[in-house]
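[1] Fold the following.
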Amino acid sequence: MSGRALDVLIVEDEVLLATELEYLAEEVGYHSVGLAMSSDEAVDLANSLHPDLALVDVHLQDGPTGVEVVRKIHDDCGCVALFMTANVKRLPDDFAGACGVIGKPYSEHGVKMALAYLAVCLEEGHAPGWPPVGLELAPAFAERWGLTDMPRTA
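    Prediction:
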């Protein structure tokens with residue numbers, strides 16, 4: 001990454017997974033600003049910390065509330081969110097305003113590649129190419145980051 005370290009908020013109720021995500025994010029140059037395990041905590045932290053990216057699981061301590069969390073932090077503080085979930089089928093067609101999803105189980109390499117890719121998208125406002133395997137972008141963000149006109153190469 002060329003600019004400042006992007007701030008990331010981890011929204012995950014499984015402590016080991018949250019710790020791993022924090023480590024992986026820091027490995028690619030992000031700065032972890034917090035960990036939330038419930039929807040209220042996630043919304044409060046997002047509103048007070050204004051992270052550049054939130055990594056959000058669908059199922060949190062207070063139930064399957066991750067979709068509402070993403071919608072709220074997107075609408076209230078403009079935070080870009082990425083779902084990290086085994087519940088990909090629970091996501092609405094509009095991804096609740098999230099930029100995309102990485103389905104669980106995921107690999108360390110896959111997460112690091114996706115986070116590095118998203119760092120470029122967030123810093124430059126356009127994609128450096130098609131997303132890495134394992135990262136599915138929301139249609140709105142694919143369009144925002146210029147992928148709808150980009151030819152696919154093998």
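[2] packing partners for the longest helix seen in the chain?
    The longest helix of the chain (DSSP state H) is helix 108-124. Under the contact definition 3 or more CB pairs under 8 Å, 6 or more residues apart in numbering; DSSP states H and E, helix 108-124 sits against helix 15-27, strand 80-85, strand 100-103, strand 135-137. No exception for glycine: its C-beta is placed from N, CA and C like everyone else's.
[3] Name the stretch among these that sits most buried.
    strand 80-85 (a mean of 25; mean count of other CB atoms under 10 Å).
[4] Tell me how far it lies from the chain's centre.
    From the chain centre to the centre of strand 80-85 is a distance of 3 Å (CA atoms, centre = their mean, to the nearest Å).
[5] pLDDT on that strand, on average?
    Averaged over strand 80-85, pLDDT sits at 96.
[6] circling back to that earlier point, which residues touch the longest helix of the chain?
    With contact meaning CB atoms under 8 Å, 6 or more residues apart in numbering, helix 108-124 is reached by 1-3, 6, 20-21, 24-25, 27-30, 52-53, 80, 82, 84, 99, 102, 127-128, 131-135, 141, 145.
[7] gap between that helix and the chain center?
    In terms of CA atoms, centre = their mean, the centre of helix 108-124 is found 10 Å from the chain centre.
[8] Just the buried positions in that helix, please.
    Using 16 or more other CB atoms under 10 Å as the test for burial, helix 108-124 gives 110-122.
[9] picking that back up, looking at the helices and strands packed on helix 108-124, spot the one closest to Ala36.
    helix 15-27 (8.9 Å; CB to CB).
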